[in-house]
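Trainee: heads up, no residue letters with this:
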């Protein structure tokens, strides 16, 4: 759905000219569930995007329209609070963040919609939060930098969507760079870009078709389990402020006190941080294929230790493993559904997709949806010409 449709709907509905913004979803090459443990992640912004048309309306209400759901919501800005409109909460949470930062948000109109599939683990929610945050920052000349906007989007997710997410999704949507993955240290918030050789390898997503409905409650539960592990380790090793600081020998020594479940959750996080660092070293050495085995190991940890996979995701990874030109595959995102991400040599992509579609239909009697991703830049104003297309 082109941005021109969003712009046309805005003009029809509200009768004035909007600011146009595009906000990308993201993939994560490796580093799952590490961000809220002060760890490392390796995401990129992709060409699945939410488009926004936003303009000030001279009043004191926010008039919001979800184009794809043919639904709307209106609220006085003095009365912004979580609503029973689930989609509106992502936007209202952002408004509340601006207000919490001392910004008197005036009345505005917003139409949004796009092609980031919902529930596929591509962070449609972060794209919605970051797109509106960027638009308000531009319209109100508030001068927040991209990291500040990412933190506001994350807080919106915590306070209005009630998902205690890490910073990765919002960071990736705002900080993407064309043709690059970005290593983020989620403790210091320092980051570094690494080129991804898109002329040789593609990242193909295979959608399990399972909406990750369990993800929010189980996600918060995993976060609590990690915190429990840190509390145990801290009693013995005061320097352990988060799982980022923990070592496998320390956890082994306290295995009985941690208990089996918390031990395995913590072991996964520590090992996944190590895998992210090995992956960036491989990219730096121009050895993209070496990332593949790390992806398979990541999936095994998510399946067995962190226990956030599902049958369809596991089967997709195993279907991909023997195919020519496939170097790695794993589930991506919060879990319990969504997509697998597959590292595939360019010359094998078409055959890979055909083989995966056939195998998935045989196994699950349903069609497999795949996405070819292109790594793009982060949230930006959309060119006005796009609105006329």
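Mentor: Thanks, I have it. It should be emphasised that the depicted structure is a prediction, and the values quoted were computed from it without experimental measurement.

Trainee: C-alpha from now on. contacts and neighbour counts both.
Mentor: Will do.

Trainee: so which strand or helix has the nearest residue to residue 131 once chain neighbours are set aside?
Mentor: Once flanking residues are discounted, residue 131 sits nearest to residue 23: 5.0 Å by Cα to Cα, 6 or more residues apart in numbering. Using DSSP states H and E, residue 23 sits in strand 19-28.

Trainee: distance from the helix or strand following that strand to the middle of the chain?
Mentor: Counting by DSSP H and E, the next helix or strand C-terminal to strand 19-28 is strand 40-41. Centroid displacement of strand 40-41 relative to its chain, using Cα atoms, centre = their mean, to the nearest Å, is 12 Å.

Trainee: neighbouring strands - and their directions - for strand 40-41?
Mentor: Sheet pairing here is set by DSSP bridges, and for strand 40-41 it gives strand 180-185 (antiparallel).

Trainee: just want the angle from the partner strand to strand 19-28.
Mentor: Interaxial angle of strand 180-185 relative to strand 19-28 (axes from the mean of the first three to the mean of the last three Cα atoms, to 10 degrees): 70 degrees.

Trainee: pLDDT weak spots in the stretch 151-300 of the chain?
Mentor: 212-216 (pLDDT under 70).

Trainee: quick one: the strands in it?
Mentor: Under the criterion DSSP state E, counting those that start in this stretch, the stretch 151-300 of the chain contains strands at 180-185, 191-195, 201-207.

Trainee: what comes into contact with the first one?
Mentor: So that's strand 180-185. Residues outside strand 180-185 that contact it (Cα atoms under 8 Å, 6 or more residues apart in numbering) are 29, 38-44, 168, 172, 176, 190-196, 280, 375.

Trainee: ok, so what distance separates the closest residue to residue 210 other than its chain neighbours from residue 316?
Mentor: Here the nearest residue to residue 210 in space, its sequence neighbours aside, is residue 337; by Cα to Cα, 6+ apart that works out to 4.6 Å. Residue 337 is 11 Å from residue 316, where distance means Cα to Cα, to the nearest Å.

Trainee: shared neighbours, those two?
Mentor: Counting by Cα under 8 Å, 6+ apart, the common neighbours of residue 337 and residue 316 are residue 208.

Trainee: got phi/psi on residue 58?
Mentor: phi 80, psi 0 (degrees, to the nearest 10).

Trainee: where's it relative to residue 109, distance?
Mentor: From residue 58 to residue 109 the distance is 10 Å (Cα to Cα).

Trainee: what's the single longest helix in this protein?
Mentor: Counting by DSSP state H, the longest helix found in the chain is helix 260-284.

Trainee: return the set of buried residues in that one.
Mentor: 262-277, 279-281, 283 (16 or more other Cα atoms under 10 Å).

Trainee: same deal with stretch 45-52?
Mentor: In stretch 45-52, counting by 16+ other Cα under 10 Å, buried: 45-52.

Trainee: residues touching that stretch, excluding its own?
Mentor: By Cα under 8 Å, 6+ apart, the residues outside stretch 45-52 that reach it are 3, 6-7, 19-27, 110-116, 124, 127-128, 131-132, 172-173, 175-178, 373-378.

Trainee: and residue 73, that's in a strand?
Mentor: Yes. Counting by DSSP: H, G, I helix; E, B strand; the rest coil, residue 73 is found in a strand.

Trainee: hang on, it packs against residue 88?
Mentor: Yes. Judged on Cα atoms under 8 Å, residue 73 makes contact with residue 88 at a distance of 7.0 Å.

Trainee: shared neighbours, these two?
Mentor: residue 64.

Trainee: can you give me the neighbour number for residue 190?
Mentor: Neighbour count for residue 190, taken as other Cα atoms under 10 Å: 9.

Trainee: burial count for the nearest residue to it once chain neighbours are set aside?
Mentor: In this structure, residue 190 finds its nearest non-sequential neighbour in residue 184, 6.1 Å apart by Cα to Cα, 6+ apart. Residues near residue 184, counting by other Cα under 10 Å, number 24.

Trainee: residue 220 versus residue 184, what's the distance?
Mentor: In terms of Cα to Cα, residue 184 sits 22 Å off from residue 220.

Trainee: confidence score at the residue nearest to residue 210?
Mentor: Reported pLDDT at residue 337 in the predicted model: 89.

Trainee: shouldn't it be within a helix?
Mentor: No. Looking at residue 337 with three-state DSSP, it is coil, so not inside a helix.

Trainee: my guess is it contacts residue 303. True?
Mentor: No. With contact taken as Cα under 8 Å, residue 337 and residue 303 are classed as non-touching, separated by 11.9 Å.

Trainee: which one of these two has more residues nearby?
Mentor: residue 337 (27 against 21).

Trainee: check the gap between that one and residue 206 for me.
Mentor: Distance from residue 337 to residue 206, by Cα to Cα: 11 Å.

Trainee: model confidence over the helix or strand harbouring residue 7, on average?
Mentor: Following DSSP H and E, one finds residue 7 within helix 3-14. The predicted model assigns helix 3-14 a mean pLDDT of 96.

Trainee: mind listing what's buried in that helix?
Mentor: 3-10, 14.

Trainee: against which helices or strands is that helix packed?
Mentor: Of the remaining helices and strands, those touching helix 3-14 by 3 or more Cα pairs under 8 Å, 6 or more residues apart in numbering; DSSP states H and E are strand 43-56, strand 108-114, helix 384-388.

Trainee: quick one, which of those gets closest to residue 65.
Mentor: Nearest of the helices and strands packed on helix 3-14 to residue 65, taken as Cα to Cα: strand 108-114 at 4.7 Å.

Trainee: tell me what the closest one is packed against?
Mentor: Where contact means 3+ Cα pairs under 8 Å, 6+ apart, strand 108-114 is packed against helix 3-14, strand 43-56, strand 61-66.

Trainee: compare the ones you listed and give me the one nearest residue 366.
Mentor: Nearest of the helices and strands packed on strand 108-114 to residue 366, taken as Cα to Cα: strand 43-56 at 23.1 Å.

Trainee: please report how far residue 117 lies from residue 124.
Mentor: For residue 117, the distance to residue 124 equals 7 Å [Cα to Cα].
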